Structure formats: structure tokens, C-alpha cells
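1. sequence unknown, structure follows:
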């Protein structure tokens, strides 16, 4: 049975609440910001602001955001839903995570990463640079490296017996 799978749960909590998944520059140097799974913090000429995911969704629902920004927010939200559900599963299993759950969770985390990447591409373009600004998805790279680590080194989390 699992002996160290709690490490996965803690890492997923970090990705949900702490690690910024992308840094960005708003078009024509209007401002800069960081975006995590649940929030955005941006500094602009108008002022500093923290924008939660629920606030972004309300902007989409009200029509304040439309076009590529609405698509980007929707994809980001779907990625967050997948990541949060995977985190809840890992927290529920804590140190008793079966191997087949770990394989499923690895696929879910990768799916969340793909949704986040698609969100960045929808907003900024294939080269992460366009009229909307520039995206630097450093946190997404770390998330993908975490998935690769889970895939290739999953035996490190379990007893050899």
C-alpha cells in the first residue's frame, strides 16, 4: 500500500492555491500580472487588483468578457475544476492512494495542464505573444514536469513489498 502519497496531495494543493501558473504582460505594457489556478493579481496604471476565478466567470456570464477572453476564462476554469477535483481525490486518499488512482490522477493533472495551455493560446496566440500581451507560462512548465515525474517515478511513492 501507499506510504508517501501524501506528498502528491500537498503538491496539488500548492498548484491550486500558491504556485502562479503564468505571468503576463497586458498589451502595450499597460500592466503586468500573475495568474494562479484560482486568482489573478495584476498591476496596471489604474491600480492593483486581485481577481478571483468566480469574478472572472461573472464577467463572462454578464457579457463583460467576450470573444477570445471569454473562451480563455472558460478554458482556465475547466482546467481549475479538473485540478481541484484531482486535489480533492488525493486529499481523500492521503496516504492510501492506490496505484490505479495515481495513473488516473496523472492523466487528470495533464488534462488540466492542457486546458490551461489552451487558455493561454486562446488569449495570447500560439507563440504566447499577441495584441492582448505576452504570456510566460512558467508555472505550467512546472506542472508538466510534476506530471512527468509522477508518471516515471510513481514507484517511489510505494513500498517495494
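-> Perfect, thanks for sending it. Please read all numbers here as calculations on a predicted model, not as lab measurements. Numbers count the residues shown, from 1 in each chain.

2. any idea of the pLDDT on the residue nearest to the spatial centre of the chain?
-> By CA atoms, centre = their mean, the chain has its centre lying nearest to residue 37, at 4.5 Å. pLDDT for residue 37: 97.

3. Does it touch residue 17 like I think?
-> Yes: with contact defined as CB atoms under 8 Å, residue 37 counts as touching residue 17 (7.4 Å). All C-beta atoms are positioned from the backbone trio N, CA, C, and that covers glycine.

4. mind listing the helices for the protein?
-> 6-17, 53-62, 67-93, 99-124, 138-152 (DSSP state H).

5. Adding distance to residue 131, mean pLDDT and mean neighbour count, write the ones you listed out as a markdown table.
-> Output for these, formatted as a markdown table (distance: least, CB to CB, whole Å; pLDDT from 0 to 100; neighbours: other CB atoms under 10 Å):
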| stretch | distance to residue 131 | mean pLDDT | mean neighbour count |
| --- | --- | --- | --- |
| helix 6-17 | 29 | 95 | 18 |
| helix 53-62 | 19 | 97 | 14 |
| helix 67-93 | 10 | 97 | 18 |
| helix 99-124 | 9 | 96 | 19 |
| helix 138-152 | 21 | 96 | 16 |
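
6. Quick one: closest of those to residue 28.
-> Among the helices of the chain, helix 99-124 comes nearest to residue 28, with 13.6 Å by CB to CB.

7. Run through the neighbouring helices and strands of the closest one.
-> For helix 99-124, the elements it packs on are helix 6-17, strand 22-26, helix 67-93, strand 133-136, helix 138-152, judged by 3 or more CB pairs under 8 Å, 6 or more residues apart in numbering; DSSP states H and E.

8. Go again with 10 Å.
-> When contacts are defined as 3 or more CB pairs under 10 Å, 6 or more residues apart in numbering; DSSP states H and E, helix 99-124 packs onto helix 6-17, strand 22-26, strand 31-35, helix 67-93, strand 129-130, strand 133-136, helix 138-152.

9. Serialize the ones you listed to JSON lines and add fields for distance to residue 47.
-> Below are the helices and strands packed on helix 99-124 laid out as JSON lines (distance: least, CB to CB, whole Å):
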{"stretch": "helix 6-17", "distance to residue 47": "24"}
{"stretch": "strand 22-26", "distance to residue 47": "13"}
{"stretch": "strand 31-35", "distance to residue 47": "10"}
{"stretch": "helix 67-93", "distance to residue 47": "20"}
{"stretch": "strand 129-130", "distance to residue 47": "25"}
{"stretch": "strand 133-136", "distance to residue 47": "18"}
{"stretch": "helix 138-152", "distance to residue 47": "24"}
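
10. Cool, thanks, signing off.
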